[in-house]
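Q: This is a predicted model, with the sequence first.
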Protein chains: 2
Amino acid sequence: MHFQDWLAACVNNVEAALEKALPGANEVPVELHEAMRYATLGGGKRIRATLVYAAGRAALQQGVAIDSYSHALDKAAAAVELIHAYSLIHDDLPCMDDDVLRRGQPTVHVRFGEATAMLAGDALQPLAFSELAQMPVAPALVVQAVQVLGRVAGSLGMVGGQAIDLASVNQTLTLEQLQFMHRLKTGALIEGSVLLGAIVTGATSETRRALETYGSAIGLAFQIVDDILDVTVDTEGLGKTAGKDADENKPTYVSIMGLEESRDFARKLYEVAIEAIKPLGDSAIRLKELADFIIHRSY
Amino acid sequence: MHFQDWLAACVNNVEAALEKALPGANEVPVELHEAMRYATLGGGKRIRATLVYAAGRAALQQGVAIDSYSHALDKAAAAVELIHAYSLIHDDLPCMDDDVLRRGQPTVHVRFGEATAMLAGDALQPLAFSELAQMPVAPALVVQAVQVLGRVAGSLGMVGGQAIDLASVNQTLTLEQLQFMHRLKTGALIEGSVLLGAIVTGATSETRRALETYGSAIGLAFQIVDDILDVTVDTEGLGKTAGKDADENKPTYVSIMGLEESRDFARKLYEVAIEAIKPLGDSAIRLKELADFIIHRSY
């Protein structure tokens, strides 16, 4: 299967899993559920979900068919996309980034009001953990998965990164500080996605370590590319307000390292990621292709 | 052990468990962790935590010592208090109830700013699930616990109740609608606390059903008593702004049923709860005492 077809299949699968996980739009409280569905369904590149599927495949023991894990991977993929969706809702709120546009559409609070937006985000979090708890795999693996998601979504992961980001407006950050922030803010959930896929299909500890290196490198690369796109692509192309970070005096890789050095750094991280999954051979092909896709998305 | 001593021991235990669960106040991001600790530690009656301990004891198989479950119950108790603490932070925000006082202290957003308050709440949620995932019990029981917490904390539980509450300002609600709202908003997490305790100590399905009836009745009674206290006790006694619901034209049991009928209804629910746990005999003594405590707390 060509990468683009595989990618489309992953997106279809996680979209179906999300549709199944979310309460219907006519379930009471109706507006809350509409907001949750608006924020979650039918949009986004689903990078995190595809990483779950790709890592699941890469970690598969020889001779085992991926099909026997497809339901569990769907639920793990839905879980990370639910966490991602909630984080975007809260990130866009007036007390945070105050963004009105997301994927070319009004943000959730613009459409549903601030209180409903906050509550929609609040309700997507437990739904993510419920999805993990429903994975048809050994309970001990579910427990590991909940531990991983709990860690990467918390104050020492994604939310911690948001807090540092918030505090960094109008501050001068060193490259090290910027990196620490991004490792938490974007990196943690991306690394977590890779780990969840690996846990579901029962990765050996050696494979898990390799995938951690891959996830960590690709998570950081993802953010650097984001920073680059923020200055090189216009609002229409991005589907969100372009040049916003620079306007707000938020430190970025581009503002600290410059454009060319940022590109070099992203390439270096790409190589680290590829090197890490080499021992996994052909089973890691989708991870390799995803790394290409993440690095080359628009430049 | 006298009830008050047992209660104090429970509060001590969950306080210690929360202290252990929360990152230290000097861990980066410092302000976020300070806010999380400010919101969570050293306050509150810990009703939900004590229900976890009491239900755990009531569901214990004959001949098994409660001590072998104390670590697991501590973590389950911490989990429900973390969820409760996060819900209070978000509930107090300007876009929600806009409250400046909680337990006689400035609310989290007054003290730390809105963005940090929102993020502190966001980070307490995954921490709650992490606590469940670390309970030293059979993984299959952890999975059940995560399912229960995921359900009661989500859009068909607590957050759903918040959303209905929000939409009900200046609305005329029927008693049925008010009840539905409270079953979700306060009842779900209280019922969940009882269920989590029961799951940890391996309740039979019969015991679980009895405890569900107890939890559901006591959860509703708790809210009715809250409504009564809101009109009968002053701000100083409550530690939060008194008479607020009436001022905001929020429907309450008192506004719909009147004070005397509300008291009768609370007493009736108390009897339902007591009746449900009768078959459990002496092991349910703390549940009985807690029901007394909840019903009689200041009138």
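A: Done, it's in.
Q: Could you report the distance from the residue positioned nearest the centre of chain A to residue A:132?
A: In chain A, the centroid-proximal residue (C-alpha atoms, centre = their mean) is residue A:48; its distance is 4.0 Å. The gap separating residue A:48 from residue A:132 is 14 Å, by C-beta to C-beta, to the nearest Å. Every residue, glycine included, has its C-beta placed from N, CA and C.
Q: Common neighbours of the two, please.
A: Residues within reach of residue A:48 and of residue A:132 at once, by C-beta atoms under 8 Å, 6 or more residues apart in numbering or on different chains: there are none.
Q: Just the mean pLDDT for the longest helix seen in chain A, thanks.
A: For chain A, the longest helix by residue count, based on DSSP state H, is helix A:205-232. For helix A:205-232, mean pLDDT is 94.
Q: What residues does the stretch 151-299 of chain A have near chain B?
A: For the stretch 151-299 of chain A, the residues in contact with chain B (C-beta under 8 Å from any C-beta of the partner chain) are A:151, A:153-157, A:159-160, A:162-164, A:166-167, A:180.
Q: which of these count as buried?
A: Buried members of those, counted by 16 or more other C-beta atoms under 10 Å in any protein chain shown: A:151, A:153-157, A:159-160, A:162-164, A:166-167, A:180.
Q: Secondary structure element for the residue nearest to the centre of chain A, which one?
A: Per DSSP states H and E: residue A:48 is located in helix A:47-58.
Q: buried residues in the following helix or strand past that helix?
A: Heading C-terminal from helix A:47-58, the first helix or strand you meet, by DSSP H and E, is helix A:70-92. Using 16+ other C-beta under 10 Å as the test for burial, helix A:70-92 gives A:71-92.
Q: for stretch A:205-214, same thing?
A: In stretch A:205-214, counting by 16+ other C-beta under 10 Å, buried: A:207, A:208, A:210, A:211, A:213, A:214.
Q: From the chain's centroid, how far away is it?
A: 18 Å (C-alpha atoms, centre = their mean, to the nearest Å).
Q: what does stretch A:167-184 give?
A: Between the centre of stretch A:167-184 and the centre of its chain there are 19 Å (C-alpha atoms, centre = their mean).
Q: from what I can see residue A:135 touches residue A:72, true?
A: Yes - counting by C-beta atoms under 8 Å, residue A:135 touches residue A:72, with 4.2 Å between them.
Q: what sits in contact with each of those two?
A: residue A:200.
Q: What is the most widely separated pair among the buried ones among the residues of the stretch 151-299 of chain A next to chain B?
A: A:151 and A:167 (21.4 Å; C-beta to C-beta).
Q: State the helix or strand in which residue A:43 lies.
A: Residue A:43 belongs to no helix or strand, assigned by DSSP H and E.
Q: Not counting residues beside it along the chain, what's closest to it?
A: residue A:103 (4.6 Å; C-beta to C-beta, 6 or more residues apart in numbering or on different chains).
Q: And for that neighbour, the neighbour number?
A: 13 (other C-beta atoms under 10 Å in any protein chain shown).
Q: try residue A:20
A: 11.
Q: Return the residues in contact with the nearest residue to it once chain neighbours are set aside.
A: Leaving aside its chain neighbours, residue A:20 sits nearest to residue A:78 (7.9 Å; criterion: C-beta to C-beta, 6+ apart). Contact analysis of residue A:78 by C-beta under 8 Å, 6+ apart lists A:14, A:17, A:18, A:20, A:21, A:49, A:128, A:131.
Q: tell me which of those residues is nearest to residue A:108?
A: residue A:18 (15.5 Å).
Q: in the helix or strand where that closest one lies, what counts as buried?
A: Using DSSP H and E, residue A:18 falls within helix A:3-21. For helix A:3-21, burial by neighbour count (16+ other C-beta under 10 Å) applies to A:6, A:7, A:10, A:11, A:13, A:14, A:15, A:17, A:18, A:21.
Q: okay if I get these as JSON lines plus pLDDT and distance to residue A:295?
A: JSON lines is the format used below for the buried residues of helix A:3-21 (pLDDT from 0 to 100; distance: C-beta to C-beta, whole Å):
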{"residue": "A:6", "pLDDT": "97", "distance to residue A:295": "18"}
{"residue": "A:7", "pLDDT": "96", "distance to residue A:295": "15"}
{"residue": "A:10", "pLDDT": "97", "distance to residue A:295": "18"}
{"residue": "A:11", "pLDDT": "97", "distance to residue A:295": "19"}
{"residue": "A:13", "pLDDT": "98", "distance to residue A:295": "24"}
{"residue": "A:14", "pLDDT": "98", "distance to residue A:295": "22"}
{"residue": "A:15", "pLDDT": "98", "distance to residue A:295": "25"}
{"residue": "A:17", "pLDDT": "98", "distance to residue A:295": "27"}
{"residue": "A:18", "pLDDT": "98", "distance to residue A:295": "26"}
{"residue": "A:21", "pLDDT": "98", "distance to residue A:295": "30"}
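Q: Show me which of these is closest to chain B.
A: Chain B has its nearest neighbour among the buried residues of helix A:3-21 in residue A:21, at 10.6 Å by C-beta to the nearest C-beta.
Q: show me where pLDDT drops low in the stretch 151-299 of chain A?
A: A:234-248, A:298-299 (pLDDT under 70).
Q: one more time with 50, if that's ok
A: By pLDDT under 50, the weakly predicted segments of the stretch 151-299 of chain A are A:299.
Q: all helices of it, in order?
A: A:158-167, A:175-182, A:188-200, A:205-232, A:235-238, A:244-247, A:253-257, A:259-277, A:285-295 (DSSP state H, counting those that start in this stretch).
Q: Quick check: buried residues in the last one?
A: Spelled out, that is helix A:285-295. In helix A:285-295, counting by 16+ other C-beta under 10 Å, buried: A:285, A:286, A:287, A:288, A:289, A:290, A:291, A:293, A:294, A:295.
Q: Next, the angle from that helix to helix A:3-21.
A: 90 degrees (axes from the mean of the first three to the mean of the last three C-alpha atoms, to 10 degrees).
Q: Can you list the neighbours in contact with helix A:285-295?
A: A:3, A:6-7, A:47, A:50-51, A:53-55, A:57-58, A:194, A:211, A:214, A:218, A:221-222, A:225, A:266-267, A:270, A:273-274, A:277, A:280.
Q: List buried residues within these.
A: Buried among the contacts of helix A:285-295 (16+ other C-beta under 10 Å): A:6-7, A:47, A:50-51, A:53-55, A:57-58, A:194, A:211, A:214, A:218, A:221-222, A:225, A:266, A:270, A:273-274, A:277, A:280.
Q: The residue of chain A positioned farthest from its centre and residue A:198, how far apart?
A: In chain A, counting by C-alpha atoms, centre = their mean, residue A:63 sits farthest out from the average C-alpha position, at 29.6 Å. Residue A:63 sits at a distance of 18 Å from residue A:198 (criterion: C-beta to C-beta).
Q: Residue A:73 now?
A: 11 Å.
Q: next one: stretch A:76-88 to chain centre, how far?
A: 7 Å.
Q: Can you verify my assumption that residue A:116 contacts residue A:30?
A: No - assessed by C-beta under 8 Å, residue A:116 is found out of contact with residue A:30, at 10.6 Å.
Q: Quick check on the two: which one has the bigger neighbour count.
A: Using other C-beta under 10 Å as the criterion, residue A:116 and residue A:30 rank with residue A:116 on top: 24 against 15.
Q: mind checking the SS state of the more buried one?
A: helix (DSSP: H, G, I helix; E, B strand; the rest coil).
Q: List the contacts of it.
A: Residue A:116 touches A:31, A:32, A:35, A:108, A:109, B:163, B:166, counting by C-beta under 8 Å, 6+ apart.
Q: Now, of those, which are buried?
A: A:31, A:32, A:35, A:108, A:109, B:163, B:166.
Q: For the fifth one, which non-adjacent residue is spatially closest?
A: What that stands for is residue A:109. Closest residue in space to residue A:109, ignoring its immediate chain neighbours: residue A:117 at 3.7 Å, by C-beta to C-beta, 6+ apart.
Q: do the same with the last one
A: Among residues not flanking residue B:166 along the chain, residue A:115 sits closest, at 5.4 Å (C-beta to C-beta, 6+ apart).
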